[in-house]
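**Student:** Sequence unavailable; structure follows:
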DNA sequence: ATTGGCACTCCAGTCGTGCGAGTGCCAGCT
DNA sequence: AGCTGGCACTCGCACGACTGGAGTGCCAAT
């Protein structure tokens, strides 16, 4: 069994390894940390840690490197969040302050996060399971083209251009608009989708030709709602992956691909399990199913007026967890506050 | 002076080097190409090409590699576009066909292009110097929040949420909407911006408090128009940069950064000079000012109902120019046709 | 002008060597 | 029982020497 000091040795190894990017040996540990014991003793502890598969030696005669399991123990039991400096807090505030719609705020958030951590930053749009539709607007562009706009109470706005094949007069348009309103406004997105499906399949389905055009509009609205339901990401800082090449043994290709795909990261962000503080980490091989075996993701829940979502960073498994966890949490909290204010001004 | 055969030798060197990624020697040339002369003769030609700085030898006793100048001559005088295979043409069609708004079409275009070339694909939004405003729409969201929507005849739609501080009744709103309409609809974006500036500074500037709110709306419209004026890019395939690492001697960091910045690439795309077919290439060091000294951009103009813009690919200097030029041109042509159709259905 | 021949250069790979960091183990100490 | 110093051992890595081969430049001959 690993002793208490053994765990401290693990912590020292993780810290030094993240610092120096080189395997750390027993001698280096006694030099850099005041353990009050000799290198030989540390060696014994390290042997035990290796038995537990928390660290490994890349070569027979080299220092040790934490395993993914080692990082996991470090994050769960040993890491204390490194508090942010006042300058960092100020940076968050200056990045995020200033009004704008949701898109705008999230873009600024992701920029702040990539700036502060030097990693790839990811912000998940608020989940729309609980979002409700507040407006449906139709704008006729002429030539049978119609702009369909849907707004939710979380501040998200979506527009879509659809070709309906005919132009309506104002009365008809108002009628359709009102119909959509009673169908959707004040309802959660999920429910709105159901009601639309019912309407399209309902007894009215055999309606006259004129109705076909309105069906087209309804379909466009449904597509937009569907898009709301699918979560969405904003990202920034992908160039950081290429900065210190040594961070990733293999190619960064799968990482860039995942970033471009988005859907992989969405699933990953969704499946992570947060602790009681809303913090979550997914480390190395734990991401193997997502093709990100050499990467870690650190994320924090934030609260967008009732809808939960996440902000996080993606980086090498060998990342500075205490700092990244603290930064992600600070940004998430600030973001939550921002969105609350926005809500109250509504 | 370089002989006619000398140029053919240059062509052979470029082709083989792109193929094999290794310096090409005189012997390899006589083996792979039917020049009907001996290696020694080729060597003499190569010496001349080296005098002209069209090729260099990385080491005293190694084959030759084209210089940027060599690539330039190749592209300008020696490259014949490699015609696309029917399968490739079909791929373009299947990617691009299907309706949708401008955003949608451009996203599909950029995907098609990255798929076909294996490079980073870039599509520039149509320039809005000549775009005219067709609709301005206001949607009140309650709580003093207003959604401002602007549509241009190029099919671009932009929405912006702004906080105006008060809610208008329907009559006032209609009045404001009509005012904006006469101010902007049918006018080019550039002119619209001027007229807004005049209005904001004009004698009405000292208007009553109620007018302040409308000023806020006008300002929001101005911001949107400003955004139209700034060109915009869609990109895809950045992961391709990391695929064959050897393509870039240094780090791909500056490239990823340029991709994220966008503005650099926008300037680059804008400054490239097209030939009579609307094709343009910027090679290696020619991009040095943009931090892309190891990359080339190949682009083709396309015509979005009168507004000129570009689609292109970004890749290593050592890229397959004939194929990329042909692909970019084919996609640009298809895109032009698509947008024309769309226009006629208006 | 083209060619075959030849001497020359220099890269890239291989092998051997020595060094140093780090380990594991053990006997002795507290 | 746990800690420590010591010691032999293992490897990775950097360095240098050597060699093979690809490619060049030049020259005299055609």
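**Tutor:** Yep, that arrived. All of these numbers come straight from a predicted model, not from anything done at the bench.

**Student:** Now do the same for stretch A:67-84: mean pLDDT, whole number.
**Tutor:** The average of the pLDDT scores along stretch A:67-84 is 95.

**Student:** And for stretch A:338-346?
**Tutor:** Predicted confidence along stretch A:338-346 averages 63 (mean pLDDT).

**Student:** Spell out which residues of chain A are next to DNA strand C.
**Tutor:** Taking Cβ under 7 Å from any atom of the strand as the contact definition, chain A meets DNA strand C at A:23-28, A:39-40, A:43, A:46-47, A:50, A:57, A:60-64. For the C-beta atoms, the positions are set from N, CA and C on the backbone; glycine is no exception.

**Student:** Tell me the buried residues within the residues you listed.
**Tutor:** The neighbour count (16 or more other Cβ atoms under 10 Å in any protein chain shown) marks A:23, A:24, A:25, A:26, A:28, A:46, A:63, A:64 as buried among the residues of chain A next to DNA strand C.

**Student:** which residues touch the nearest residue to the first one once chain neighbours are set aside?
**Tutor:** Looking back up the chat, that one is residue A:23. Distances taken as Cβ to Cβ, 6 or more residues apart in numbering or on different chains place residue A:63 nearest to residue A:23, at 3.3 Å, with adjacent residues excluded. Residues touching residue A:63, when contacts are defined by Cβ atoms under 8 Å, 6 or more residues apart in numbering or on different chains, comprise A:22, A:23, A:24, A:25, A:26, A:28, A:57.

**Student:** Just give me the closest of those residues to chain B.
**Tutor:** Compare each of the contacts of residue A:63 with chain B using Cβ to the nearest Cβ and the shortest gap goes to residue A:22, at 20.7 Å.

**Student:** how close does that closest one sit to residue A:70?
**Tutor:** Remark: distance between residue A:22 and residue A:70 (Cβ to Cβ, to the nearest Å) = 16 Å.

**Student:** Neighbour count: those two, which is higher?
**Tutor:** Looking at residue A:22 and residue A:70 with other Cβ atoms under 10 Å in any protein chain shown, you find the greater number of neighbours at residue A:70, namely 26 against 13.

**Student:** Name the residues of the helix or strand bottoming out on mean pLDDT in chain A that are buried.
**Tutor:** Each helix and strand of chain A was given a mean pLDDT (mean pLDDT, DSSP states H and E); the minimum falls on helix A:209-229 at a mean of 80. Within helix A:209-229, the residues that qualify as buried by neighbour count (16+ other Cβ under 10 Å) are A:213, A:214, A:216, A:217, A:218, A:220, A:221, A:222, A:224, A:225, A:227, A:228.

**Student:** pLDDT value on the nearest residue to residue A:293 once chain neighbours are set aside, please?
**Tutor:** Once flanking residues are discounted, residue A:293 sits nearest to residue A:285: 5.3 Å by Cβ to Cβ, 6+ apart. At residue A:285, the pLDDT value in this model is 93.

**Student:** As TSV, the contacts of residue A:63 with pLDDT and secondary structure would be great.
**Tutor:** Shown next, in TSV, are these (pLDDT from 0 to 100; DSSP: H, G, I helix; E, B strand; the rest coil):
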residue	pLDDT	secondary structure
A:22	93	coil
A:23	95	coil
A:24	96	strand
A:25	95	coil
A:26	95	helix
A:28	93	helix
A:57	95	coil
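
**Student:** backbone phi and psi for whichever residue of the stretch 51-200 of chain A sits closest to DNA strand C, please?
**Tutor:** Closest approach of the stretch 51-200 of chain A to DNA strand C (Cβ to the nearest atom of the strand) occurs at residue A:61, with a separation of 3.7 Å. The phi and psi values for residue A:61, taken as degrees, to the nearest 10, are phi -120, psi 50.

**Student:** repeat for residue A:169
**Tutor:** phi -80, psi 170.

**Student:** just residue A:60 next, same as before
**Tutor:** Its backbone dihedrals place residue A:60 at phi -50, psi -40, with angles given as degrees, to the nearest 10.

**Student:** sorry, back to before: to which secondary structure element type does the residue nearest to residue A:293 belong?
**Tutor:** Using DSSP: H, G, I helix; E, B strand; the rest coil, the structure places residue A:285 in helix.

**Student:** cool, residue A:130 as well?
**Tutor:** Applying three-state DSSP to residue A:130 yields a three-state assignment of coil.

**Student:** With residue A:257 instead?
**Tutor:** Secondary structure, three-state DSSP: residue A:257 is helix.

**Student:** That one: what's its closest spatial neighbour, skipping adjacent residues?
**Tutor:** If the residues on either side of it in the chain are set aside, residue A:257 comes closest to residue B:239, at 4.3 Å by Cβ to Cβ, 6+ apart.

**Student:** Contacts only, for the one you found.
**Tutor:** Under the criterion of Cβ under 8 Å, 6+ apart, the contact list for residue B:239 reads A:253, A:256, A:257, A:259, A:260.

**Student:** would you list the buried residues of helix A:209-229 in CSV and tack on distance to residue B:87?
**Tutor:** Below are the buried residues of helix A:209-229 laid out as CSV (distance: Cβ to Cβ, whole Å):
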residue, distance to residue B:87
A:213, 38
A:214, 41
A:216, 34
A:217, 38
A:218, 38
A:220, 33
A:221, 38
A:222, 35
A:224, 35
A:225, 37
A:227, 32
A:228, 37
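
**Student:** so where is the stretch 101-250 of chain A shaky, pLDDT-wise?
**Tutor:** When residues are selected by pLDDT under 70, those of the stretch 101-250 of chain A lie in A:129, A:202-210, A:245-246.

**Student:** All the strands of chain A, residue numbers only.
**Tutor:** A:55-56, A:65-66, A:120-124, A:133-142, A:145-152, A:157-163, A:233-236, A:279-283, A:295-304, A:307-316 (DSSP state E).

**Student:** Surely residue A:319 touches residue A:119?
**Tutor:** Yes - using Cβ atoms under 8 Å, residue A:319 and residue A:119 qualify as a contacting pair, with a distance of 6.8 Å.

**Student:** shared neighbours of these two, which are they?
**Tutor:** Jointly contacting residue A:319 and residue A:119 under the rule Cβ under 8 Å, 6+ apart are residue A:313.

**Student:** Looking at those two, which has the bigger crowd around it?
**Tutor:** Neighbour comparison, residue A:319 and residue A:119: the larger count goes to residue A:119, with 28 against 24 (by other Cβ under 10 Å).

**Student:** Let me see the contact set for that one.
**Tutor:** Taking Cβ under 8 Å, 6+ apart as the definition of contact, the neighbours of residue A:119 are A:237, A:240, A:313, A:314, A:315, A:319, A:324.

**Student:** ok, how many other residues are close to residue A:341?
**Tutor:** Counted with other Cβ under 10 Å, the burial measure for residue A:341 works out to 10 neighbours.
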